[in-house]
Each structure stands twice: as C-alpha cells, then as structure tokens.
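S.K.: Let's see this in three dimensions:
(chains A and B)
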Amino acid sequence: MKGSNFGYLCKQGFKNIRLNRVLSLASVSILTVCLLLVGLSVLFSENVSVAIGGLTDNSLVAVEVSDEATEETKSALLTLIETNDNTEDVEYIPKAEGLEQFKESLSDNAGLLDALEDDNPLPDMIRFQVKHLERMPETVAYVTSLEGVASVQSTSELSRALVNIKNIVTACCTVIVAVLSIVSLVIISNVIRASIFARRKEVNIMKFVGATNTFIRFPFFIEGILIGLIAALVAFGLTWGGYTLLLHYVQGGDSYSWFVNTFASLIPFENVWQQIALIYAAGGVAVGAIGTVTSIGSHLKV
Amino acid sequence: MIKLTDVSVKYKDNGVDALKHVNLQIDKGEFVFVVGPSGAGKSTLIKLLLREIKPDDGEVNVNGFSLGRLSRRHVAKYRRSIGVVFQDFRLIPSMTVYDNVAFALRVIDASAKKIRARVPYILGLVNLTQKAKSYPSQISGGEQQRVALARALVNNPSILIADEPTGNIDPELSIEMMELLQAVNKLGTTVVVVTHEHDLVRQFGGRVVTIQSGKIVFDDVIGGSHEGE
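M.R.: Model prediction:
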C-alpha cells in the first residue's frame, strides 16, 4: 500500500466516524461504560489488596522460647527462623529486654514491675513477620516444631480469613473483567455490524470496482480503533474525576462511616493511572479493532 | 477477449435455468448490444462477466481470466481489468464526483500524481469538470451516469460492460450516453451494452446478441439510423 493511499484510507476512517456519528456515539458510549466497569473492578481489587496488606503488616508472630533451652539451642532456633524463606524482621528479645519493653508500655505505672527485676517471669521471645500471608499457617507449624520453642502466638485464623477475602475479591474482579470484555466485544461487534450494514451498498460498489478486502476493511479498522481510543479517553477522564472525588471524600476526615474507615488508605491515583490508562487504551483498541474485523467479513463475499 | 463456451447457469433457490449451453465470443474492439426481454438471462450474463456468480457448466474466459476457476483473492485483480456501468449508477453517496472517479484509481494503488492527472482528464471527457466537487445527490441522473462511466474508464479498461446504462435517464440523455459509449469504443475499448431498449439498438445498429429463455436466439450485425457526430 502506497503512503498516499494509507493516508487516504486513514482519512476515510475519520470521515466514517463523522458521517455515522449516531452509531459512532452509540459505540463510544457502550464501550465507555464497559471500560469504566472494568477499570472500577481493577481499582476495587487493587484497593482491597492494599487494605488487606495494610492489616497484615501488624500481624507479628511471637515465639516463646522454652526456659529449658540452652544458649546453643536458642542460637540454633534463631538461625533456623532467620533462614526460613517466609520470615523477615526477625528479632530476638531476651527476657530482661522484654521486661523493659513491658515497663515502657506501662509508662507511669512502670514501678509496679520493679519487684520482678530479681525474679523475671517473662520468657525469652523471638518475634518476626511473615512475608507471604497465605503461607503463615505453614510457617507457624514449622516454627512450633522446632526445638526450644515453648509456644507460638500468631494471627493465623485472621490471616487466613483475610487472604480468603482477597482471593475472592480478585477472582470476582477477574470474572467481571472477563465477562465485561466478552459483553463489550459482542455489543461493539453488533453496533459496528449495524454501521457496516448501513454502508453495505458502498462496500458492494467497492468490490465491483476491484477493491481488495484489505482496502475495504482498512477504514473500518481505523474507525474501530478510533472509537476504542475515544471511549478509553472518556472512561479515563471519568475514572480520574470520580476517583479524585472519592479520595477527597475519604481523606476529608469528616465522616466516620464503615466505608471510610475500611478504605481510609485508598491508593493515590498517581500510583495507578498508568495501569488504568493502559487497560483502557489496550481494551478499547482491541475491542474496537476485533469488533470491526469480525463484523465486516460477511459483506465482503461479493 | 470474452468467450463463453457451453455455459449453463441454474439458480438453486428457485430451480430456474437462467442460461442454457450458451456460446458467445466477443473480440477485441467490438461494440455489442445484448438484448432480450425481462428474465431472458441478461442479468445472469452480467453476473457471470462480473464474476458475481460462477457457471454451473462450461467455461467463461475474459481477458485471459478463467472466471469459473478464479479464486476469491484474484477476483479483485480481474475486476480491475474491466470497467462497469450500472443502471442504478452505484456511486458512493458520501464521496464527491471527483472522489468517486478517483476511487477506482486508489484501489489499484495509483500514485497521487497519477490520480491528479487522470481524474480531471476523464471528467473532461464526460463533460463533468464543473461538477467535480458535487456529491451524487446534487447532480442529475444523466450526470450521475456519466460519473459512473468516468469511473469505469479511468483505469483504461480493455472491456467496458454497461448494464442498462440508459435505464434511469431521459431519452435525449440516452442518445448522449450511447454516443459516449461509441466514442469510447472508437478509442479501442471493447464495449458490451446490455439493454432492453430495442429502439435505441435499432437506432445505433451494430452487432446485436438476443437472449431469450436462457439461449442466444440471434447474433448478427444490423444497420442503424443514427448518424454519429
């Protein structure tokens, strides 16, 4: 294809949108709604992940070291915990330090513990955090089985529940995105099919003049991509505006609703705009282009 | 140039034998009228020549292309070698007169320079230079048919097929259109005019092929009364 023809066919694509503005507007509107729903699902899923991640940051595992454990056993235990692939920020707290920390937590009433300094009843402790929450039960079981461990305190049940929620939300969002992608593809295909049907005579004439299928398809293809890009742009603008308003509401601090408390730390839009823009642009262009190419086929058999 | 050998076409949906063992040869540079009543098989002949349908039996050979064996992807190439004028003009309504004519050059990947040179020349030949920027809806039926003729000629086709070219225009303009087709023929293009207007055929004369009930019942040269310019 010569450059001049390429330019001509692109121009025809733009012209088609202008000439069929009602159908083009319908396509853009439908695709915008679908993209918005996809974008909102992604944003919701991301925020749930971050919110749950935030909750789990505080879920430490505390290991009570047995009184009978020798210094060698304690050292070996610390090494084994430190070298486990799911632990981080491992901290050994001897009983004396534990008492100091306890005193600090009591602040003004710290004097009450003075009597315990000679006969400290607290055990030596090892505290750590797990890297992957979903593997917490496995890690706790491992640590419990180690020599020199008296007991292990963790939030395994809570962690498991949170991980389950996160997985369910992610799965639901994935299903929503997949279903919406198919729905938008079907709708856009039909809208473009209607647009092509309205111009079937033109397509017919083009065939009789000797135009190849590629030559006929190209302007429709450009039209589909443009519709996708316009829808992506509109959806991005709406998401940006809507999300910014939501952030303003949440961070305003004048509300104490369940929602506000749960999502008090919404991801800033600056952190997700590239991901959203990419999803919208790729989704819009793909649906527009595939919808066009699959719709025109039957009209080319002349 | 055009050769039909023992060609038969039967429409499967209604079982009608549209063409029955037709043999026809049209040589380079000829001007041929194909006439016949409605339902005689004229449209089927046009569909065959445009490779809209394939023959059920026999062989259709045009410009070296065997149309029965032509693959779908070679159809476009074949259609570029012929020019076609339809009764209903078949102009693209969203394109200007200029663009309608230029379109036939664009599909063959002609350069912008060639398009700029060739289109005004052809529009001049059919006397439509002043209407280049008009849309089909803004010009008369006769002018639309001349645009269709210009589009058919712009690629310099060796064969021009005109399907009822005067069917939708006034009698005076019909004479003008026929004169234009004769002029094209004099430049060396083979012209096949399918029509049911016997008066026009008698007026212009030449080789006349009559189809009736799917068979060629007459094929001869007749004298005409029209005096060319």
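S.K.: What's the first helix or strand after the helix or strand hosting A:Thr73?
M.R.: For A:Thr73, the enclosing helix or strand under DSSP states H and E is helix A:71-82. Sequence order places strand A:87-93 as the next helix or strand after helix A:71-82, per DSSP H and E.
S.K.: Mind telling me what element A:Gly98 is part of?
M.R.: Applying DSSP H and E as the criterion places A:Gly98 in helix A:95-106.
S.K.: Low-confidence stretches in the chain?
M.R.: Using chain A. A:1-4, A:53-59, A:105-113, A:115-117, A:156-159, A:252-265, A:298-299, A:301-302 (pLDDT under 70).
S.K.: Not quite, go with chain B.
M.R.: B:227-229.
S.K.: Give me the residue at the spatial middle of chain A.
M.R.: A:Glu46 (3.2 Å; CA atoms, centre = their mean).
S.K.: what's that residue in contact with, if anything?
M.R.: The neighbours of A:Glu46, taking CB atoms under 8 Å, 6 or more residues apart in numbering or on different chains as the test, are A:Ile267, A:Val272, A:Gln275. To be clear about C-beta, it is placed using only N, CA and C from the backbone, and glycine gets the same treatment.
S.K.: Which among those residues count as buried?
M.R.: A:Ile267, A:Val272 (16 or more other CB atoms under 10 Å in any protein chain shown).
S.K.: Tell me the residues on chain B that lie near chain A, please.
M.R.: B:50, B:52, B:72-73, B:76-80, B:84, B:86, B:90-94, B:103-104, B:106-109, B:111-112, B:151, B:155 (CB under 8 Å from any CB of the partner chain).
S.K.: Does the most centrally placed residue in chain B fall in a helix, a strand, or a coil region?
M.R.: Central residue of chain B (CA atoms, centre = their mean): B:Ile161, 1.8 Å from the mean position. With DSSP: H, G, I helix; E, B strand; the rest coil as the basis, B:Ile161 sits in strand.
S.K.: Looks like it contacts B:Leu48 (just checking).
M.R.: No - if you go by CB atoms under 8 Å, B:Ile161 and B:Leu48 don't touch, sitting 10.6 Å apart.
S.K.: one step back: how about the contacts of A:Glu46 in a markdown table, adding distance to chain B and secondary structure?
M.R.: Shown next, in a markdown table, are the contacts of A:Glu46 (distance: CB to the nearest CB, whole Å; DSSP: H, G, I helix; E, B strand; the rest coil):
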| residue | distance to chain B | secondary structure |
| --- | --- | --- |
| A:Ile267 | 47 | coil |
| A:Val272 | 42 | helix |
| A:Gln275 | 40 | helix |
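S.K.: Return the member of the contacts of A:Glu46 nearest to B:Thr195.
M.R.: A:Gln275 (65.9 Å; CB to CB).
S.K.: Could you find the closest non-adjacent residue to the closest one?
M.R.: Excluding the flanking residues, the one nearest A:Gln275 by CB to CB, 6 or more residues apart in numbering or on different chains is A:Val42, at 7.3 Å.
S.K.: Next: B:Lys47.
M.R.: Excluding its sequence neighbours, the residue lying closest to B:Lys47 (CB to CB, 6+ apart) is B:Ile53, at 4.7 Å.
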